[in-house]
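Trainee: No sequence on hand, only this structure:
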């Protein structure tokens with residue numbers, strides 16, 4: 001072969017031009033080249049897919065989570081090489097094209113989000129960031145491994161600070177559509193089905209999303225629905241979680257839910273007058289969420305969230321009492337209407353209701369049950385008396401009021417127990433007049449004064465607390481205590497407030513000790529302080545004592561010493577308590593036993609008789625379940641809120657042409673508001689209404705009338721206590737009005753009141 005002399009110049013090398021090349025069919029040749037190239041590319045791609053799939057089956061994709069069953073990571077079972085090769089040929093036969101679903105997709109992680117959000121300056125970057133957010137928060141497998149706390153932390157299954165930091169990234173992001181992507185993702189992961197209940201951890205993650213607190217939030221209804229469908233274990237876990245989080249979190253969520261409920265009610269009522277809040281799913285789901293929040297607040301070691309925070313004005317304003325009563329009593333035979341299965345009664349969620357509304361429901365239930373109560377007791381009474389009475393009446397002497405009341409009320413209880421829930425009326429022997437309510441009120445004032453008189457030895461009075469307590473060595477039979485309990489129930493059914501100066505926990509005992517469980521909550525030093533603050537202080541000092549010489553300092557055994565009419569008595573707090581020394585190690589047990597003895601054991605017979613009497617009358621009163629113990633106390637005893645400004649606003653005037661602008665009326669209000677003490681005001685209430693107690697809701701709920709009683713004279717003011725009417729002559733001076741008014745209210749028992 002001739003060699004080319006590379007030293008020759010380019011001019012000596014012959015040039016080949018296009019015209020010198022052989023002529024070929026270029027179109028046919030090009031088509032063949034394209035086909036060949038396509039075939040080569042397809043073979044190359046097939047070999048690459050086989051290699052990729054083989055590695056995926058044997059080694060996995062290496063991502064933290066994977067849902068692909070054709071991947072060692074997703075299946076959790078790496079295949080051997082030969083088995084993987086056979087599987088590859090099965091999934092990808094020669095000549096076939098790859099199915100994209102065979103291969104693992106890129107799975108974003110929470111750790112990548114900051115970088116993705118920072119790199120979102122382009123449309124591609126924004127789309128990637130949105131897709132990452134949606135995929136992370138809509139994927140159960142990704143959420144399951146995300147936001148996990150470090151080992152050794154407080155036992156929570158969520159790293160709350162990390163989750164909040166993540167949400168904060170979204171809040172500060174300017175990426176359009178980010179919140180929508182997150183919202184859609186959370187909706188997907190909270191979707192409920194009977195086959196696949198929502199994990200409670202998903203709910204916790206969703207609850208941390210700040211977007212749920214926005215007005216008209218799209219996320220909040222979805223979260224509430226998911227909470228509604230949690231199983232009991234899930235709900236219990238959520239309650240425990242809420243109970244240990246910052247209290248401010250609960251407060252914010254309560255406020256958000258209240259706004260959500262209120263807006264929903266107002267919008268729907270505005271659109272339809274036939275709207276019934278009891279049937280609204282959105283309200284139903286939110287109510288259950290609020291119910292769990294309330295349970296969480298009660299489980300807190302130190303809870304400062306007041307019950308009033310759970311009241312909802314829109315519910316109290318727009319609740320349809322008859323519809324609500326039908327839902328509440330839907331299992332009763334006399335409720336015939338078809339009611340949606342998921343409908344709720346707010347009587348089952350009483351924390352929404354204010355005390356006046358609860359009192360109204362209780363009164364309504366009483367009226368309905370009175371009208372429905374057709375039983376053998378009343379039929380028998382109809383045969384005896386010749387008619388079916390609408391009330392039950394007792395006739396008592398002022399000189400033997402307790403004995404007469406015990407005898408006659410006990411007879412009703414024995415023979416006609418259902419009558420005790422009827423309207424109660426009283427007649428005093430030797431006194432004419434019908435009882436329209438005023439005589440009844442006076443009866444309660446007089447009999448309570450008798451029962452609490454020291455001569456009966458039923459109660460002791462503490463000057464320090466201004467409260468009465470059951471006398472541990474009372475010689476009275478249980479009948480007197482049972483009568484007091486029955487009178488408490490009768491007064492409750494007749495809207496009469498009683499001046500019962502009991503410590504507040506008595507009403508908790510009254511509620512808790514009744515029913516199937518008969519379980520009572522443990523009483524504490526703060527409860528004991530209501531009865532005996534000095535003893536409670538001493539026991540607290542015992543608990544706080546740091547010295548090692550506690551036995552020598554306190555020198556106590558497990559027993560209680562007390563006196564009965566000068567006779568010293570000893571009660572052992574436990575078996576062998578007289579000889580068991582009080583030590584630093586057992587002092588907490590000693591204090592618990594001491595409190596239990598003072599507040600439970602020592603008054604057991606007397607208090608149980610009182611509680612029995614109360615429930616003799618109130619048995620079957622479902623409405624009582626609406627009330628917290630403090631609310632029951634206010635329902636029974638009224639309040640001490642002597643707001644005479646409010647009373648003045650609602651007062652009506654009879655016989656005065658100028659009404660409230662009449663001079664004697666102006667003087668009256670000036671005297672009462674500026675010169676009367678609280679005791680004077682209570683005496684005025686007792687003189688005018690028959691009771692010195694302020695009813696539930698305050699004085700603005702009292703129908704009070706001031707009527708003209710002729711021209712100026714020396715007559716004392718008088719009253720119709722049945723109708724809350726105060727009668728005033730048109731006195732000539734303010735001084736004369738005050739002098740005669742004070743004289744009237746200070747000497748009113750049995751006289752001056754009509």
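Mentor: Received the coordinates, thanks. The structure displayed is predicted, hence computed values, not measured ones.
Trainee: is it true that residue 356 touches residue 701?
Mentor: Yes. With contact defined as C-beta atoms under 8 Å, residue 356 reaches residue 701; the gap is 6.8 Å. C-betas here are computed from N, CA, C, even on glycine.
Trainee: Give me the buried positions along stretch 626-641.
Mentor: Buried positions in stretch 626-641, judged by neighbour count with 16 or more other C-beta atoms under 10 Å: 626-629, 631-639.
Trainee: before we move on, what about stretch 554-561?
Mentor: Residues of stretch 554-561 classed as buried: 554, 556, 557, 558, 559, 560 (neighbour count, 16+ other C-beta under 10 Å).
Trainee: Between which two of those is the distance greatest?
Mentor: For those, with distances taken as C-beta to C-beta, the pair at the greatest spread is 554 and 560 (13.9 Å).
Trainee: So residue 53 is in contact with residue 103, correct?
Mentor: Yes. Taking contacts as C-beta under 8 Å, residue 53 lies within contact range of residue 103: 7.1 Å.
Trainee: Between these two, point out the one with more neighbours.
Mentor: residue 53 (22 against 15; other C-beta atoms under 10 Å).
Trainee: any idea which element that one lies in?
Mentor: helix 26-59 (DSSP states H and E).
Trainee: Run through the neighbouring helices and strands of that helix.
Mentor: Where contact means 3 or more C-beta pairs under 8 Å, 6 or more residues apart in numbering; DSSP states H and E, helix 26-59 is packed against helix 72-75, helix 81-91.
Trainee: if we go to 6 Å?
Mentor: helix 81-91 (3 or more C-beta pairs under 6 Å, 6 or more residues apart in numbering; DSSP states H and E).
Trainee: Can you give me the buried ones in the helix it packs on?
Mentor: Those would be 84, 85, 87, 88, 91, for helix 81-91 by 16+ other C-beta under 10 Å.
Trainee: cool, stretch 716-724 as well?
Mentor: 716, 717, 718, 719, 720, 721, 722, 724.
Trainee: what do you get for stretch 402-414?
Mentor: Neighbour-count burial for stretch 402-414 flags 402, 404, 405, 406, 409, 410, 412, 413 (criterion: 16+ other C-beta under 10 Å).
Trainee: and of the buried residues of stretch 716-724, the nearest to residue 321?
Mentor: Within the buried residues of stretch 716-724, the smallest distance to residue 321 is 24.6 Å, found for residue 724 (C-beta to C-beta).
Trainee: From residue 638, how far out is the residue nearest to the closest one when sequence neighbours are not counted?
Mentor: With sequence-adjacent residues excluded and distances taken as C-beta to C-beta, 6 or more residues apart in numbering, residue 724 is closest to residue 689, at 4.7 Å. Distance from residue 689 to residue 638, counting by C-beta to C-beta, to the nearest Å: 11 Å.
Trainee: now do residue 551
Mentor: In this view, residue 551 and residue 638 are 49 Å apart by C-beta to C-beta.
Trainee: The lowest-mean-pLDDT helix or strand in the chain: what's the following helix or strand?
Mentor: Within the chain, no helix or strand scores below helix 376-385, which has a mean of 46 by mean pLDDT, DSSP states H and E. Using DSSP H and E, the next helix or strand after helix 376-385 towards the C-terminus is strand 391-396.
Trainee: Strands of this protein, start to end?
Mentor: For the chain, the strands defined by DSSP state E cover 391-396, 423-428, 459-462, 467-470, 559-564, 567-572, 652-654, 705-708, 718-720, 725-728.
Trainee: how about JSON lines for those strands, with mean pLDDT added?
Mentor: Formatted as JSON lines, the strands of the chain follow (pLDDT from 0 to 100):
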{"stretch": "strand 391-396", "mean pLDDT": "88"}
{"stretch": "strand 423-428", "mean pLDDT": "90"}
{"stretch": "strand 459-462", "mean pLDDT": "90"}
{"stretch": "strand 467-470", "mean pLDDT": "93"}
{"stretch": "strand 559-564", "mean pLDDT": "87"}
{"stretch": "strand 567-572", "mean pLDDT": "90"}
{"stretch": "strand 652-654", "mean pLDDT": "92"}
{"stretch": "strand 705-708", "mean pLDDT": "92"}
{"stretch": "strand 718-720", "mean pLDDT": "88"}
{"stretch": "strand 725-728", "mean pLDDT": "92"}
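Trainee: So which of the ones you listed is nearest residue 318?
Mentor: strand 652-654 (28.1 Å).
Trainee: List the pairing partners of the closest one within its sheet, with orientation.
Mentor: Its sheet considered, strand 652-654 pairs with strand 705-708 (parallel) by DSSP bridges.
Trainee: how near is residue 297 to residue 285?
Mentor: Taking C-beta to C-beta, one finds residue 297 at 19 Å from residue 285.
Trainee: now residue 110
Mentor: On the measure of C-beta to C-beta, residue 110 and residue 285 end up 29 Å apart.
Trainee: so where's the stretch 601-750 of the chain uncertain?
Mentor: Filtered on pLDDT under 70, the stretch 601-750 of the chain yields the residue ranges 748-750.
Trainee: related to what we said a few turns ago, looking at the buried residues of stretch 402-414, which are in helices?
Mentor: Within those, residues falling in helices by DSSP state H are 402, 404, 405, 406, 409, 410, 412, 413.
Trainee: Mind putting those residues into a markdown table with pLDDT and distance to residue 735?
Mentor: Below are those laid out as a markdown table (pLDDT from 0 to 100; distance: C-beta to C-beta, whole Å):
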| residue | pLDDT | distance to residue 735 |
| --- | --- | --- |
| 402 | 91 | 42 |
| 404 | 93 | 43 |
| 405 | 93 | 43 |
| 406 | 92 | 47 |
| 409 | 92 | 47 |
| 410 | 90 | 51 |
| 412 | 88 | 50 |
| 413 | 88 | 52 |
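Trainee: Tell me the bridge partners for residue 725.
Mentor: residue 705, residue 720.
Trainee: Surely it and residue 706 touch.
Mentor: No. At 7.8 Å, residue 725 does not count as touching residue 706 under the criterion of C-beta atoms under 6 Å.
Trainee: Quickly name whichever of the buried residues of stretch 716-724 is closest to residue 441.
Mentor: residue 721 (6.0 Å).
Trainee: ok, now which ones touch the closest one?
Mentor: For residue 721, the contact set (C-beta atoms under 6 Å, 6 or more residues apart in numbering) comprises 438, 441, 689, 690, 753.
Trainee: Of these, which is the most crowded?
Mentor: Ranked by the number of neighbours (other C-beta under 10 Å), the contacts of residue 721 place residue 689 first, at 28 neighbours.
Trainee: correct me, but that one touches residue 725?
Mentor: No. The criterion here is C-beta under 6 Å, and residue 689 misses it with residue 725 at 9.2 Å.
Trainee: What ranges does the stretch 551-700 of the chain have for its helices?
Mentor: Along the stretch 551-700 of the chain, counting by DSSP state H, counting those that start in this stretch, helices occupy 587-599, 604-618, 629-637, 644-650, 663-670, 678-689.
Trainee: And the ones you listed: which comes nearest residue 494?
Mentor: helix 604-618 (10.5 Å).
Trainee: Please identify the buried residues of that closest one?
Mentor: 606-618.
Trainee: Repeat that for stretch 199-210.
Mentor: Residues of stretch 199-210 classed as buried: 199, 200, 201, 202, 203, 204, 205, 206, 207, 208, 209 (neighbour count, 16+ other C-beta under 10 Å).
Trainee: before we move on, what about stretch 521-531?
Mentor: For stretch 521-531, by 16+ other C-beta under 10 Å, it's 523, 525, 527, 528, 529, 530, 531.
Trainee: Take these and lay them out in JSON lines including pLDDT and distance to residue 696.
Mentor: Compiled in JSON lines, the buried residues of stretch 521-531 are given as follows (pLDDT from 0 to 100; distance: C-beta to C-beta, whole Å):
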{"residue": "523", "pLDDT": "93", "distance to residue 696": "26"}
{"residue": "525", "pLDDT": "95", "distance to residue 696": "30"}
{"residue": "527", "pLDDT": "95", "distance to residue 696": "24"}
{"residue": "528", "pLDDT": "95", "distance to residue 696": "28"}
{"residue": "529", "pLDDT": "94", "distance to residue 696": "27"}
{"residue": "530", "pLDDT": "94", "distance to residue 696": "22"}
{"residue": "531", "pLDDT": "93", "distance to residue 696": "26"}
